[in-house]
Each structure stands twice: as structure tokens, then as C-alpha cells.
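J.: Got a predicted model here, sequence first, then my questions.
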Amino acid sequence: GQKGIAKTKIAFVSNRSGRKEIYTADYDGANVKQLTRDGAISVAPALSADGRQLAYTGYQSGYADIYLIDLASGARNRVVKFPGTNSGAAFSPDGNRIACTSSKDGNPELYVVGSNGRGARRLTRTSGVESSPTWSPDGSQIIYSSDERGGPQLFRIGAGGGSGQKISTGYDYC
């Protein structure tokens, strides 16, 4: 009764065109399709859970911004374009929100925005750098990396904000 892997897609970065561009393929590597031809660095692709959208970090403006591609139509929009660096998009399980890192207030912090780029909410307030967000399966929490206590460690925070709690992994560098 659960969806199998056979119809899933993967998204990846390749420089086979001479620049870092975004591609998709079937789970087994067949049907490779180049999605971007930006002529600038394009990295960190993230597929929505329903496979209809892809978010990525692109440097077309000269700065890191987050772009969204509708995979059916190919339409692309720059959805997170705050001053500074915007990167590391991760879709919520329902596809309506994106967790990302933005330095719009100076320090790279964790934010949640609508998948249309509106309604930005800052989740963290630390002296460290927050990055690499990923959602819990029910969308209530976000796991992320932060170096606020020295080397990078994993933390958990509610999707609505609050205080980040360190996750004990047994390693000093995560």
C-alpha cells in the first residue's frame, strides 16, 4: 500500500556542461534531464514530496538566492531574494513551506517562508551559522546544523520557532 521507489526522481548537480547546473533523473539514473542553463552556479536541489517542484540555490543575480521550478511547465521563479545569502532550501512535507538559511539580518540564520517566498519567519537567533535544514516527517520540527557552540552540531527546533535543542549524536563534528 505504499508508493515504491520505481517512479521516483532524484535531483543532482553536474558540471558536464562546463558550469554547475541542476538535473533530474529516474531513481536508477535513466532519463537524465537538464533543468537549468543559468550559466552561473546552481546548487543544492531539493524536490518537493509530491515531485512537482524543485527548489535550488542559484547565483544568477550575483548573490545566492532560492529559485523554484515547476517541473511540469518548466516555469521558474526566484522566491527567496533577501539581501545577503539565501540558500539550502528544504520543502516541508506538505510542500507549502520552505526552510532555508538567510543572512538578510547579518548572520546566517534559519528561516521558514511560504513556497511562494512570502511570510518569512526567522527561527533562530544565534551568533553561529545555521544551515542544512530538513523537516520532520509530520512537518512540526526542523533539524539543522549550527556551529554556535564551536564545531557544527545538529539541533532541533519547532517549525514555528522557539529554542533550538542540541541533538546528542556522540560526535563532536556533525
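T.: On my side now, so go ahead. Numbering: from 1, shown residues only.

J.: Isn't residue 129 up against residue 102?
T.: No: Residue 129 lies out of contact with residue 102 (Cβ atoms under 8 Å); the separation is 11.5 Å. In short, each C-beta sits where N, CA and C put it, glycine included.

J.: tell me, what's touching these two both at once?
T.: Here residue 129 and residue 102 share the contacting residues residue 108, scored by Cβ atoms under 8 Å, 6 or more residues apart in numbering.

J.: So for the two, which residue has more residues nearby?
T.: Neighbours were counted for residue 129 and for residue 102 using other Cβ atoms under 10 Å; residue 102 has more, 26 against 16.

J.: What confidence value was assigned to the residue lying closest to residue 41 once chain neighbours are set aside?
T.: In this structure, residue 41 finds its nearest non-sequential neighbour in residue 59, 4.5 Å apart by Cβ to Cβ, 6 or more residues apart in numbering. On pLDDT, residue 59 comes in at 96.

J.: Residue 59 contacts residue 39, correct?
T.: No: under the criterion of Cβ under 8 Å, residue 59 makes no contact with residue 39, lying 10.0 Å away.

J.: Name the residue in the two with the higher neighbour count.
T.: Using other Cβ under 10 Å as the criterion, residue 59 and residue 39 rank with residue 59 on top: 17 against 12.

J.: who are the neighbours in contact with the more buried one?
T.: Neighbour list for residue 59: 38, 40-42, 65 [criterion: Cβ under 8 Å, 6+ apart].

J.: pretty sure residue 12 is touching residue 26, no?
T.: No: between residue 12 and residue 26 there is no contact under Cβ under 8 Å: 12.0 Å.

J.: where does the protein have low pLDDT?
T.: 6 (pLDDT under 70).

J.: So which residue is dead centre in it?
T.: residue 89 (1.7 Å; Cα atoms, centre = their mean).

J.: Test my guess that it contacts residue 54.
T.: No: with contacts counted by Cβ under 8 Å, residue 89 stays clear of residue 54, the gap being 9.3 Å.

J.: Now list whatever residues contact both of those two.
T.: Joint contacts of residue 89 and residue 54 (Cβ under 8 Å, 6+ apart) are residue 46.

J.: in terms of contact, does residue 98 touch residue 66 like I think?
T.: Yes: Residue 98 lies in contact with residue 66 (Cβ under 8 Å); the separation is 7.0 Å.

J.: Identify the contacts common to those two.
T.: Here residue 98 and residue 66 share the contacting residues 55, 79-80, 89, scored by Cβ under 8 Å, 6+ apart.

J.: rewinding a little: buried ones only from the contacts of residue 59, please, as a PyMOL command.
T.: Burial among the contacts of residue 59 is assessed by 16 or more other Cβ atoms under 10 Å; the matching PyMOL selection reads:
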select buried, resi 38+42+65
